[in-house]
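**Q** sequence first, then the predicted structure, then my questions.
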Amino acid sequence: MTQKQHFFSIIRPYRQDFIVNPKENEKKVMSDHFYYLKSLLKQNKLYLAGPTLISEDPFGIIIFETETEEEARELLENDPSIKAGIQKIVDIRPIRLSLTKK
(Lines give C-alpha, C1' and ligand atoms only; values in the text may rest on other atoms or scores of the structure.)
Protein backbone atom coordinates (compact mmCIF):
# COMPACT_ATOMS: atom_id res chain seq x y z
CA MET A 1 0.00 0.00 0.00
CA THR A 2 1.29 3.41 -0.99
CA GLN A 3 1.56 6.08 1.69
CA LYS A 4 -0.90 8.96 1.45
CA GLN A 5 0.46 12.31 0.31
CA HIS A 6 -0.97 15.82 0.46
CA PHE A 7 -1.64 18.11 -2.48
CA PHE A 8 -2.44 21.81 -2.15
CA SER A 9 -4.70 23.36 -4.76
CA ILE A 10 -6.22 26.74 -5.49
CA ILE A 11 -9.41 27.17 -7.48
CA ARG A 12 -10.78 30.52 -8.58
CA PRO A 13 -14.23 31.54 -9.87
CA TYR A 14 -14.38 32.73 -13.44
CA ARG A 15 -16.06 36.01 -12.38
CA GLN A 16 -14.61 38.52 -9.91
CA ASP A 17 -18.04 39.33 -8.40
CA PHE A 18 -18.94 35.66 -8.01
CA ILE A 19 -19.33 35.74 -4.21
CA VAL A 20 -21.40 38.93 -3.95
CA ASN A 21 -23.47 38.43 -7.11
CA PRO A 22 -24.05 34.70 -7.78
CA LYS A 23 -26.41 33.63 -10.57
CA GLU A 24 -29.13 31.08 -9.83
CA ASN A 25 -27.41 28.28 -11.77
CA GLU A 26 -24.14 29.01 -9.95
CA LYS A 27 -25.84 28.58 -6.57
CA LYS A 28 -26.92 25.04 -7.55
CA VAL A 29 -23.47 24.13 -8.87
CA MET A 30 -21.79 25.49 -5.74
CA SER A 31 -24.14 23.43 -3.59
CA ASP A 32 -23.09 20.37 -5.63
CA HIS A 33 -19.44 21.46 -5.17
CA PHE A 34 -19.90 21.56 -1.38
CA TYR A 35 -21.50 18.12 -1.23
CA TYR A 36 -18.84 16.70 -3.57
CA LEU A 37 -16.07 17.92 -1.24
CA LYS A 38 -18.04 16.63 1.76
CA SER A 39 -18.16 13.18 0.13
CA LEU A 40 -14.38 13.29 -0.41
CA LEU A 41 -13.95 14.14 3.27
CA LYS A 42 -15.95 11.04 4.22
CA GLN A 43 -13.73 8.97 1.88
CA ASN A 44 -10.58 10.36 3.58
CA LYS A 45 -9.41 11.92 0.31
CA LEU A 46 -9.92 15.51 1.46
CA TYR A 47 -7.86 17.03 4.26
CA LEU A 48 -9.42 20.52 4.22
CA ALA A 49 -11.26 22.93 1.97
CA GLY A 50 -12.61 26.44 2.20
CA PRO A 51 -12.96 29.81 0.49
CA THR A 52 -11.09 32.97 1.27
CA LEU A 53 -13.21 35.69 2.82
CA ILE A 54 -12.12 38.69 0.73
CA SER A 55 -14.89 39.19 -1.82
CA GLU A 56 -12.69 41.33 -4.10
CA ASP A 57 -10.25 38.43 -4.61
CA PRO A 58 -12.23 35.18 -4.31
CA PHE A 59 -10.59 31.77 -4.41
CA GLY A 60 -10.78 28.45 -2.67
CA ILE A 61 -8.10 26.33 -1.06
CA ILE A 62 -8.28 22.55 -1.10
CA ILE A 63 -5.80 20.07 0.37
CA PHE A 64 -6.25 16.51 -0.84
CA GLU A 65 -4.91 13.42 0.90
CA THR A 66 -4.30 10.89 -1.87
CA GLU A 67 -1.73 8.36 -2.99
CA THR A 68 -0.74 10.24 -6.16
CA GLU A 69 -0.89 13.71 -7.65
CA GLU A 70 -2.80 12.23 -10.59
CA GLU A 71 -5.54 11.08 -8.21
CA ALA A 72 -5.72 14.54 -6.59
CA ARG A 73 -5.90 16.19 -10.02
CA GLU A 74 -8.63 13.80 -11.13
CA LEU A 75 -10.66 14.56 -8.01
CA LEU A 76 -10.26 18.27 -8.66
CA GLU A 77 -11.20 17.96 -12.34
CA ASN A 78 -14.35 16.04 -11.35
CA ASP A 79 -15.49 18.79 -8.97
CA PRO A 80 -18.90 20.00 -10.20
CA SER A 81 -17.79 23.66 -10.15
CA ILE A 82 -14.77 22.87 -12.34
CA LYS A 83 -16.76 20.67 -14.72
CA ALA A 84 -19.42 23.40 -15.08
CA GLY A 85 -16.76 26.02 -15.84
CA ILE A 86 -17.79 28.17 -12.87
CA GLN A 87 -14.34 27.77 -11.29
CA LYS A 88 -10.93 26.98 -12.72
CA ILE A 89 -7.88 25.24 -11.36
CA VAL A 90 -5.16 27.80 -10.65
CA ASP A 91 -2.55 25.55 -9.03
CA ILE A 92 -2.02 22.08 -7.66
CA ARG A 93 1.22 20.95 -6.05
CA PRO A 94 2.57 18.50 -3.49
CA ILE A 95 2.84 19.79 0.05
CA ARG A 96 4.29 18.41 3.28
CA LEU A 97 2.16 19.05 6.32
CA SER A 98 4.89 19.49 8.90
CA LEU A 99 2.65 20.72 11.71
CA THR A 100 -1.07 20.16 12.08
CA LYS A 101 -3.57 20.37 14.87
CA LYS A 102 -4.73 16.78 15.22
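**A** Sure thing, it's come through.
**Q** what's in contact with the lengthiest helix in the chain?
**A** Across the chain, the helix with the greatest residue count (assigned by DSSP state H) is helix 24-42. By Cβ atoms under 8 Å, 6 or more residues apart in numbering, the residues outside helix 24-42 that reach it are 18, 22, 46, 49, 62, 64, 75, 78-81, 84, 86-87. To be clear about C-beta, it is placed using only N, CA and C from the backbone, and glycine gets the same treatment.
**Q** rerun at 6 Å
**A** 46, 49, 79, 80, 81, 84, 86 (Cβ atoms under 6 Å, 6 or more residues apart in numbering).
**Q** quick one: that helix to chain centroid distance?
**A** Here the centre of helix 24-42 is set off from its chain's centre by 10 Å, with Cα atoms, centre = their mean, to the nearest Å.
**Q** make 91 the first number, not 1, from now on.
**A** Sounds good: first residue 91 from here, last item helix 114-132.
**Q** still on that earlier bit, write the ChimeraX selection for whichever of the contacts of helix 114-132 are buried.
**A** In ChimeraX syntax, the buried subset of those is picked out as below (16 or more other Cβ atoms under 10 Å):
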select :136,139,169,170,171,174,176
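**Q** list the buried ones in the helix or strand where residue 101 lies?
**A** Assessed by DSSP states H and E, residue 101 sits inside strand 95-103. Buried residues in strand 95-103, defined by neighbour count with 16+ other Cβ under 10 Å: 95, 96, 97, 98, 99, 101, 102, 103.
**Q** and what of stretch 117-128?
**A** Buried residues in stretch 117-128 (16+ other Cβ under 10 Å): 119, 120, 123, 126, 127.
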